[in-house]
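S.K.: Provided below for reference: sequence and predicted model.
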Amino acid sequence: RIAVLKKHWLEPWGQIKSVWRPSSMPTPKVLSIQRVRALLRELDVLPDDEFFDFWEAHGKAIVECAQMSTTVTDPVQGKERHALALECLCAVSVQLMSAAAMWNDVPCHEVLLHACQLTDPSDQEARENALNALINLSLDSIVAVAMWRHGVCHRAIRDACMEELMPCSVDALWCLRHMLAPAKQGDCVAEFWSDGTFRQAVVTHAASGGEGPIHVQARQEALRCLGYVALREQDVWWDADSRRAILDASKVRVPSCHCVAEWALYALQQLTMHPFDELMWDDLDCRRCLVDAANFDGWQTSKPLGDSLCALRNLATRPRISAEMVLEAGVLQSVTKASQCEDEKVQRIAIELLNQLASVTNASIVWATTATILSPLLNFDVPYFEDVLALLSILARDPFVAADMLAKFPTIPALADEAATLAEDVHGEVRKCGIALRLALSQSRSAPDSDGPDLSIAELPPDLVSGKLRQQQRVAAIEEWVLKVEALISLNQRTVNTEITATTSEYNDRVSTAIQDHQDRVNESVDVLKQQMDDAATTKGARMLKITEVSKKLDQQRAELGEAKESLEEARTLLAVFSESTAQSKRKATDAPEPTTPTSKRSRPDVMTPPHSAGKPERPEFHFCPITHEVMVDPVMAADGVSYERASITEWLSKRNTSPMHGSELSCVTVFTNQVLKQLIAEWVD
């Protein structure tokens, strides 16, 4: 139980406590600046195999120093100690084992990521140290993928790449290049290329000019990133900005910027392995970049020459491109220069390119250009001797080239015989033997009638080789031997043709099956897409119907609102008319004669005044209707401004159009409920 408690509670709590410190807990003692500098001096003389032990002993204290440096009273000392602590972490991360341990330590990589996001100019040194530490951590393939998956790390590197050109952006590009390296790619390349903002920031750095050290380094790292992406993403060529950045960089010939052109040519070489190689060759700008780079003599290393030749070799696999390359003088010149390079890898690529270019139709052109460079290569000590021998075999199919070849290199037949054990293609060896015999026959016919030269060809009969036969006998024997060899070649050719036919038939069957399967999958995908489109159309129709209903309701509410507005305008008009008539009635009241009917309550002795109970106040006079002289129940106001009982004034106005009180003519016969008077009458009763 104690072991389980320590594993599931005490150890996780110790990790959390190292990152989160409540304000109530005492602040731990932080390493001093002098102590951190002493640790840095110790790291300078420490062997690489002891870095991990150093991390185990001092790593926690250094991380805590970087965490707590911001709490120092003096901000200058705090920033200095923070930068020194991060420099110490950067130095420890050089060793791969300690780098993996540092990334697995949560407080450590959180300190590094926090420092990578600092934007204050005074924190520039700390940020550079943190980015350099991340560069060292990304050298480990597992850590590199984990860093890419870490959202904060991914965002910090992207933000640094998007900044203006500065050391931090160069470090971020360097770290990104480690993540995109071919051995560590995973899904990083696809995710990087799908992030348009991130991609555009790298392309912008790749297209930037300038010959300063920081400009050159940033451009180099950006082009290396594009080269690693081009290994898997063919969209690097289809994107106009990235294509233009790579082609422009491959034209750079300034000595201090050769590294820029080197990685641009590497990116082009990676792009030639995609199926759009014919488009790259047809692009005159791209073709000129590759040919010029292969013929440039000022490269400081052999890598640019090797990448350009490798790109041309990949393009030459197409027959049309191969035929056009032979007519391109710069290509054969570049092969001649590459054969004189001290790098054996470049020489091998040049010979492989010649094998791609060599054929019966252009053998004479290739031989005329490369004859002088092949003689030193006819040596068994050359690692690529078999490739040279295969090239000579292809060129010797042309009889004129074969005759010139035997005249310049008399040891070719003997080399073919000695290399027979190295070759597995019997047909090729028999073909070489036939070429040598034809060449010997042509020499015998052109020689005078004598013993003739001694031919060192092991395949001929001994008496022919020893020179004991006369000229005519030698010619007859050679012709007979040539016929035998040609018969053997014909038999072997028929066998090869039969195998080719069977292989072609099998391949056609496989291709047909694959095409049919692909067509079935495409049809299924089309059916699913049609069903989705039908469902979308049905859903769209229902939504349109609902929208139509809502529109109708909205139009109806708008119509009702219009009617309400019209009613309001009419009420406002009536109110204005009523106000005007009230004013006119008041003006005429002073001049109007006393009405004859009906008389007021005080002038009619026959109408009894409503009795009043003892102890009750007398009812106000405005509670009584001027026409009926009774308490009004439903008082309304007429156009003369006087309140009447609704029934009495309605009956009055149905017979005449004058005011009952003033006798003047009314402007309108409409009456309005007097809510105020009605409320006063009710309150008086209560």
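M.R.: All right, it came through fine.
S.K.: average pLDDT for the helix or strand harbouring T504?
M.R.: Per DSSP states H and E, T504 falls inside helix 471-589. Here helix 471-589 scores 77 as its mean pLDDT.
S.K.: after that helix comes which helix or strand?
M.R.: Beyond helix 471-589 on the C-terminal side, the first helix or strand identified by DSSP H and E is strand 635-637.
S.K.: For the chain, name the helix or strand with the lowest mean pLDDT.
M.R.: Scoring the helices and strands of the chain by mean pLDDT, DSSP states H and E places helix 462-466 at the bottom, with a mean of 43.
S.K.: hang on, Q220 in a strand?
M.R.: No - secondary structure of Q220 (DSSP: H, G, I helix; E, B strand; the rest coil): helix, not part of a strand.
S.K.: Contacts only, for it.
M.R.: Residues in contact with Q220 (CB atoms under 8 Å, 6 or more residues apart in numbering) are C259, V260, W263. No exception for glycine: its C-beta is placed from N, CA and C like everyone else's.
S.K.: do the same with Q356
M.R.: With contacts defined as CB under 8 Å, 6+ apart, Q356 is in contact with R313, A316, T317, S322.
S.K.: right, and the helix or strand after the helix or strand where it lies?
M.R.: Using DSSP H and E, the element containing Q356 is helix 344-357. Scanning forward in sequence from helix 344-357 by DSSP H and E, the next helix or strand is helix 363-374.
S.K.: quick one, strands of the stretch 1-150 of the chain?
M.R.: In the stretch 1-150 of the chain, no segments count as strands under DSSP state E, counting those that start in this stretch.
S.K.: follow-up on the earlier one: mind listing which of the contacts of Q356 are in helices?
M.R.: R313, S322 (DSSP state H).
S.K.: Filter the contacts of Q356 down to the buried ones and hand me the PyMOL line.
M.R.: A single PyMOL command selects the buried members of those (16 or more other CB atoms under 10 Å):
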select buried, resi 313+316+322
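S.K.: from the contacts of Q356, which is closest to V36?
M.R.: Nearest to V36 among those: R313, at 53.9 Å, using CB to CB.
S.K.: Tell me which residues touch that closest one, please.
M.R.: I349, E352, L353, Q356.
S.K.: With I349 instead?
M.R.: So, once contact is read as CB under 8 Å, 6+ apart, I349 ends up touching G306, L309, C310, R313, A338.
S.K.: still on that earlier bit, okay, the angle between the helix holding Q356 and helix 363-374?
M.R.: Interaxial angle of helix 344-357 relative to helix 363-374 (axes from the mean of the first three to the mean of the last three CA atoms, to 10 degrees): 160 degrees.
S.K.: So for helix 344-357, what gets flagged as buried?
M.R.: V346, Q347, R348, I349, A350, I351, E352, L353, L354, N355, Q356, L357.
S.K.: pLDDT value on V633, please?
M.R.: V633 is assigned 90 on the pLDDT scale.
S.K.: going forward can the numbers begin at 10, since that is how I track them
M.R.: OK, 10 is where the count begins now, so the last one is V642.
S.K.: who does the residue lying closest to it once chain neighbours are set aside bridge with?
M.R.: Nearest in space to V642, with sequence neighbours left out and distances taken as CB to CB, 6 or more residues apart in numbering, is E654 at 6.8 Å. Using DSSP bridges, the beta-bridge partners of E654 come out as P644.
S.K.: and A523, how many neighbours?
M.R.: A523 has 10 neighbouring residues, counting by other CB atoms under 10 Å.
S.K.: And for S178?
M.R.: Neighbours around S178, by other CB under 10 Å: 23.
S.K.: Please apply the same query to P635.
M.R.: If you count neighbours by other CB under 10 Å, P635 ends up with 21.
S.K.: Run a quick check on it versus V651, I expect a contact.
M.R.: Yes - between P635 and V651 there is a contact at 6.4 Å, judged by CB atoms under 8 Å.
S.K.: could you dump the buried residues of helix 353-366 to TSV with pLDDT and distance to L182?
M.R.: Putting the buried residues of helix 353-366 into TSV (pLDDT from 0 to 100; distance: CB to CB, whole Å) gives the following:
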residue	pLDDT	distance to L182
V355	87	28
Q356	84	34
R357	85	32
I358	88	29
A359	86	33
I360	83	36
E361	85	33
L362	86	33
L363	84	38
N364	81	38
Q365	83	36
L366	83	38
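S.K.: can you pick the most crowded of the contacts of I358?
M.R.: L318 (30 neighbours).
S.K.: quick one on the thing from earlier: for P635 and V651, list the residues in contact with both.
M.R.: P669, M670.
S.K.: Of the contacts of Q229, which is the most crowded?
M.R.: Result: W272 is most packed of the contacts of Q229 (other CB under 10 Å), 27 neighbours.
S.K.: part of a helix, is that residue?
M.R.: Yes - judged by three-state DSSP, W272 forms part of a helix.
S.K.: Run a quick neighbour tally on the nearest residue to it once chain neighbours are set aside.
M.R.: Leaving out its chain neighbours, the residue that sits closest to W272 by CB to CB, 6+ apart is L232, at 4.1 Å. Neighbour count of L232, defined by other CB under 10 Å: 31.
S.K.: May I ask which helix or strand encompasses L232?
M.R.: Judged by DSSP H and E, L232 forms part of helix 222-239.
S.K.: pLDDT score assigned to A100?
M.R.: pLDDT, A100: 89.
S.K.: these two touch, right, it and L49?
M.R.: Yes - if you go by CB under 8 Å, A100 and L49 touch, sitting 6.6 Å apart.
S.K.: what about these two, which has more around it?
M.R.: Between A100 and L49, A100 has the larger neighbour count (other CB under 10 Å), namely 22 against 15.
S.K.: For that one, give its distance to E51.
M.R.: 10 Å (CB to CB, to the nearest Å).
S.K.: Show me whatever sits in contact with both of those two.
M.R.: In contact with both A100 and E51: no residue, using CB under 8 Å, 6+ apart.
S.K.: avg pLDDT for the helix or strand harbouring C295?
M.R.: C295 belongs to helix 293-304 when elements are defined using DSSP H and E. The average pLDDT within helix 293-304 is 91.
S.K.: cool, and stretch 308-317?
M.R.: Mean pLDDT, stretch 308-317: 90.
S.K.: For the stretch 60-209 of the chain, give me the ranges with low pLDDT.
M.R.: Flagging of the stretch 60-209 of the chain using pLDDT under 70 yields the residue ranges 78-84, 174, 192-195.
S.K.: Just the buried residues of the helix holding L232, please?
M.R.: Going by 16+ other CB under 10 Å, helix 222-239 has these buried residues: 224-239.
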